[in-house]
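[1] can't give you the sequence, but here's the structure:
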């Protein structure tokens, strides 16, 4: 049976792009007679706020979306809130550490950017971690706890990661070229997005992931994590990004295009989901 999920990050109010991606996820699950799970991804403790988490639920319910596990139904395994699942995430860290897939890393983003072998990152993208800063194999194998340091996943340099996306077609990224050793555990005691989403999608039996096309590269990283754990990866569906009238990708700070602002203007849920952005 198909199991999908809605997994908003409460760092701001959801916008029309989120609305359309979450609606697609719900439509696909309901058409297949599957189960839709709701999960709040609130591990960014510096930016996530309870009022945004509550607003996300309110906004999605207003859009007509319904889920079978999550905060509004108290399902058999819900509600799911990532900040309440640290014990599970620590267990996954132990598996990766014991298998030698990860290593402790005290290098900052500035250290990476200063390295001559690190290409310049565009916008806010993470720069590719250079091999020159990678420790020798076996680093961190004696650790019993993550401790106050970052941990990175050692990628198989030069290995193509190929997967099929239901909307975007066949995708291929090369480890070490398109992305480098990536963060799996932060020194503040929380897992990274990459580890948390893989760990929770597996634990919750998610069989299809619907999200924005800006996360295609993250999928390649996550596939490596699925392989390291020996887990089966879900089906991938990356929705084309919604852009504003100037062609810029929407952000949670996009003026006038949050779901609740559009609702306050008198638009219906159908209009939010179907109207051309320039007409909103």
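    That came through fine. Bear in mind that the values here come from a model prediction, so they are computed numbers and not experimental data.

[2] got the contact list for residue 28?
    For residue 28, the contacting residues are 2, 4, 208, 210, 237, by Cβ atoms under 8 Å, 6 or more residues apart in numbering. To be clear about C-beta, it is placed using only N, CA and C from the backbone, and glycine gets the same treatment.

[3] Neighbour-wise, which one of those leads?
    residue 4 (27 neighbours; other Cβ atoms under 10 Å).

[4] Can you give me the pLDDT of the residue nearest to that residue when sequence neighbours are not counted?
    In space, and not counting its chain neighbours, residue 4 is closest to residue 29: 4.1 Å by Cβ to Cβ, 6 or more residues apart in numbering. With respect to pLDDT, residue 29 has a value of 97.

[5] Next, the contact list for residue 29, please.
    Contacts of residue 29 were listed using Cβ under 8 Å, 6+ apart, and they are 2, 3, 4, 35, 36, 208.

[6] same deal with residue 93?
    102, 146, 151, 184, 185, 191, 195.

[7] let's see it at 10 Å
    Listed by Cβ atoms under 10 Å, 6 or more residues apart in numbering, the contact set of residue 93 reads 102, 143, 145, 146, 151, 184, 185, 191, 195, 199.

[8] Now do the closest residue to residue 79 other than its chain neighbours, the pLDDT please.
    Nearest non-adjacent residue to residue 79, counting by Cβ to Cβ, 6+ apart: residue 71, 4.2 Å away. pLDDT for residue 71: 83.

[9] Could you double-check that residue 71 lies in contact with residue 10?
    No - Residue 71 lies out of contact with residue 10 (Cβ atoms under 10 Å); the separation is 11.7 Å.

[10] Where does residue 151 sit: helix, strand or coil?
    Of the three states, residue 151 takes strand under DSSP: H, G, I helix; E, B strand; the rest coil.

[11] in the sheet, who's paired with it?
    Beta bridges link residue 151 to residue 104, residue 185, judged by DSSP bridges.

[12] since we're on it, how many residues are nearby?
    Neighbourhood size, residue 151 [other Cβ under 10 Å]: 25.

[13] for it, what are its contacts?
    Residue 151 neighbours (Cβ under 10 Å, 6+ apart): 93, 96-97, 101-105, 140, 143, 181, 183-187, 191-192, 195.

[14] Give me the buried entries from these.
    The neighbour count (16 or more other Cβ atoms under 10 Å) marks 93, 96-97, 101-105, 140, 143, 181, 183-186, 191-192, 195 as buried among the contacts of residue 151.

[15] sorry, back to before: cross the contacts of residue 93 against helices and list the overlap.
    Using DSSP state H, the subset of the contacts of residue 93 located in helices is 195, 199.

[16] what's the lowest-pLDDT member of the contacts of residue 93?
    Ranked by pLDDT, the contacts of residue 93 bottom out at residue 143, which has 90.

[17] From residue 100, how far off is that one?
    For residue 143, the distance to residue 100 (Cβ to Cβ, to the nearest Å) stands at 12 Å.

[18] before we move on, back to that, can you redo the contacts of residue 29 as JSON lines, where the extra columns are secondary structure and distance to residue 56?
    Putting the contacts of residue 29 into JSON lines (DSSP: H, G, I helix; E, B strand; the rest coil; distance: Cβ to Cβ, whole Å) gives the following:
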{"residue": "2", "secondary structure": "coil", "distance to residue 56": "23"}
{"residue": "3", "secondary structure": "strand", "distance to residue 56": "20"}
{"residue": "4", "secondary structure": "strand", "distance to residue 56": "16"}
{"residue": "35", "secondary structure": "strand", "distance to residue 56": "19"}
{"residue": "36", "secondary structure": "strand", "distance to residue 56": "15"}
{"residue": "208", "secondary structure": "strand", "distance to residue 56": "20"}
